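1. Sequence and predicted structure are below.
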Amino acid sequence: MHASKLPTLSPPAISIPEPDHLVLEESSRGEIESALTYGRLGGHHPIHLGDHLGDGRYRIIHKLGSGGFANVWLCRDMKSREITKYVALKVLLSGASVGDDCDEMRVSKMLGKLHLDMDQEAGAKYICLPSDHFEIDGPNGSHRCFVYPVLGPTVTAPILRKFESPDKVLRNICLKVVQAIDFLHGHGICHGDLTPFNILLQTSGLDGLSEDEIIHMLGEPRKVRVLTQSGENPTEPTAPKYLVRPVDWNSTSIDLKFVSDQPCVIDLGQSFQVTDPPRDFALTPEPYQSPELMLDKALGLGCDLWALGCTLFEIRTGGRLFGKWANTDDAYLCDMANTLGKFPEPWWSTTWESRKKWYKDEVDSQGRVISILNDLAKDNVVPEEPESNRDIHPSGSLQGKLAQGLRYEVGWPSWDSFSRDISADEIEMFSDLLGKLVKFDPKDRLTAKAAQDHEWFKM
Ligand SMILES: Nc1ncnc2c1ncn2[C@@H]1O[C@H](COP(=O)(O)OP(=O)(O)OP(=O)(O)O)[C@@H](O)[C@H]1O
């Protein structure tokens, strides 16, 4: 799910304290979950370490992540008696748990109807589907809960360092993501929110470890106290005593031997049957939106294929394909035009109304768009070092973007980076694949099935 779909929360039916009286003892930049998401109807369920959910079956032992709609907890499955077993439990905001249609279960239901033998389906093992679901009632409303396998982080610098051949590993991860999307598309399902943030690496070997071993490996959960404005502990049950900071996979003390090189595509909350696209839908974040989605609000498998191109680029290089510095639709569209050329009609002359602010109507002798203003429209990429790939390819092209090489950087709270060049051969092959996925006309885009046979994957 994505934050643009944040549900409007209904006004409280009972008298509860105003939500803005809660603060965190310390908060950090970019933190999604805040104290304000508690203490109100529609908000999060107050959860503490050691709590049991799902009729006592799932015991909370750490937090794995938080998004715009949910917190995801690492739990021990107490039903498993022989060996310890761990699961990821996604607990939705109660405001996101309304309605008959249950987003997270929709794909499982669609696939269930097809009576598939999932072991026989190549891409099925790279899709994260819930194994169980239930509902809990609490002081902030009812919350849908979904049980998933425990996954690890997205690809990051420290993870890459642990692999002997990171380039090969990254290409393999990309292939499996393509297989996962092919699996969905083959069964008429559009993912609807494909981004690199929704590609996590699988874990292995966690089951059987003791809780102490798990905590030792992931780091002791960090608690941040929730306080009232006057600095007191909140007394009402609508707020937890503390929030838990999610596992920091970039921390140097985490043992990455449990993180595999197999990806898994998560967050199928926006997925839909191609034959029945939703009328009211949430948009994928801008960097992954296709031009037809941005300009015509047209949704379909083609949007997934465009997002797939952007996602593969980002996995392989650690950088954004379109709009690295952009923060408006125009800036994203300009970067697409700089990289891919003039848009087809009617987009160029009519639909993209502000285009004339940035580009002339005609293109130059090499088919490149001609900028009117240099600021926004100009490409973000400045070639630096001579005698490298950067000088061979114009920066306003897919090759030019790939010529910047692999640049993975981890920001707050731990800093780390991992960088290296991408060979000229690979730039040629990969830009060919990307160019076929990010075609302007969705009908011209390479299907996920055909993409798997591309020579880039055979390097
Ligand atoms: N199965 C899992 N195993 C481990 N961590 C997970 C798992 N599923 C989700 N996470 C972590 O929890 C975070 C939030 O999950 P998810 O994206 O499903 O929630 P959301 O509220 O729907 O998010 P968004 O606002 O990004 O749409 C993820 O970014 C990821 O870090």
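-> Perfect, I can see it now.
2. Thought Gly192 was touching Asp267, still the case?
-> No - the criterion here is CB atoms under 8 Å, and Asp267 misses it with Gly192 at 9.2 Å. Heads up, the C-betas are built off the backbone N, CA and C, glycines and all.
3. What parts of the stretch 101-250 of the chain come near the ligand?
-> Remark: the part of the stretch 101-250 of the chain in contact with the ligand comprises Cys128, Tyr148, Pro149, Val150, Leu151, Phe197, Leu200, using CB under 6 Å from any ligand atom.
4. please redo it, this time with the cut-off set to 8 Å
-> Within the stretch 101-250 of the chain, the positions near the ligand by CB under 8 Å from any ligand atom are 128, 148-154, 193, 197-198, 200, 203, 246.
5. Buried members of the residues you listed into ChimeraX, please.
-> Selection of buried members from these for ChimeraX, criterion 16 or more other CB atoms under 10 Å:
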select :128,148,149,150,151,152,153,154,193,197,198,200,203,246
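6. Pull the most distant pair out of the residues of the stretch 101-250 of the chain next to the ligand.
-> Greatest spatial distance among these (CB to CB): Asp193 and Thr203, at 22.4 Å.
7. Chain neighbours aside, what residue packs nearest to the residue in the stretch 201-350 of the chain that the ligand sits nearest to?
-> Ranked by CB to the nearest ligand atom, the top residue of the stretch 201-350 of the chain for proximity to the ligand is Asp267, at 4.2 Å. Spatially, and ignoring its direct neighbours in sequence, Asp267 is nearest to Asn198 (4.5 Å; CB to CB, 6 or more residues apart in numbering).
8. list the contacts for that neighbour?
-> Asn198 is in contact with Val265, Ile266, Asp267, counting by CB atoms under 8 Å, 6 or more residues apart in numbering.
9. Just the element for Glu426, please.
-> Using DSSP states H and E, Glu426 maps to helix 424-437.
10. what does that helix contact?
-> 167, 305-306, 308-309, 312-313, 316, 321, 340, 389, 392-393, 397-399, 402-403, 422, 445-446, 451, 454-456, 459.
11. Go through those and flag which are in helices.
-> Within those, residues falling in helices by DSSP state H are 167, 305-306, 308-309, 312-313, 316, 340, 389, 392, 398-399, 402, 451.
12. quick one on the thing from earlier: which among the contacts of helix 424-437 end up buried?
-> Judged by 16+ other CB under 10 Å, buried ones among the contacts of helix 424-437: 167, 305-306, 308-309, 312-313, 316, 321, 340, 389, 393, 397-399, 402-403, 422, 445-446, 451, 454, 456.
13. Which positions within stretch 195-215 qualify as buried?
-> For stretch 195-215, the neighbour count (16+ other CB under 10 Å) marks 195-203, 206-207, 209, 214-215 as buried.
14. Among these, which pair sits farthest apart?
-> Thr195 and Leu209 (30.8 Å).
15. how much space between Ser80 and Ala35?
-> 34 Å (CB to CB, to the nearest Å).
16. that older thread, any idea which of the ones in helices among the contacts of helix 424-437 the model trusts least?
-> Minimum pLDDT across the ones in helices among the contacts of helix 424-437 is recorded for Asn389, with 43.
17. Run through the stretch 1-150 of the chain and note the low-pLDDT ranges.
-> Applying pLDDT under 70 to the stretch 1-150 of the chain picks out residues 1-21, 29-30, 100-102.
18. ok, 90 please
-> Applying pLDDT under 90 to the stretch 1-150 of the chain picks out residues 1-43, 67-69, 94-122.
19. Okay, strands next: where are they in it?
-> For the stretch 1-150 of the chain, applying DSSP state E, counting those that start in this stretch gives strands covering 22-24, 52-53, 58-66, 70-77, 86-92, 132-138, 141-148.
20. Looking at these, which is nearest to Leu283?
-> strand 70-77 (18.6 Å).
21. Could you check how far that closest one is from the centre of its chain?
-> Computed by CA atoms, centre = their mean, to the nearest Å, the chain-centroid distance of strand 70-77 equals 18 Å.
22. quick one on the thing from earlier: which of the ones in helices among the contacts of helix 424-437 sit farthest apart?
-> Pairwise distances across those peak at 28.0 Å for Leu305 and Ile392 (criterion: CB to CB).
23. Can you pull the phi and psi angles for the residue in the stretch 151-300 of the chain that the ligand sits nearest to?
-> Closest residue of the stretch 151-300 of the chain to the ligand, CB to the nearest ligand atom: Leu151 (3.5 Å). When quoted as degrees, to the nearest 10, the phi and psi of Leu151 stand at phi -110, psi 170.
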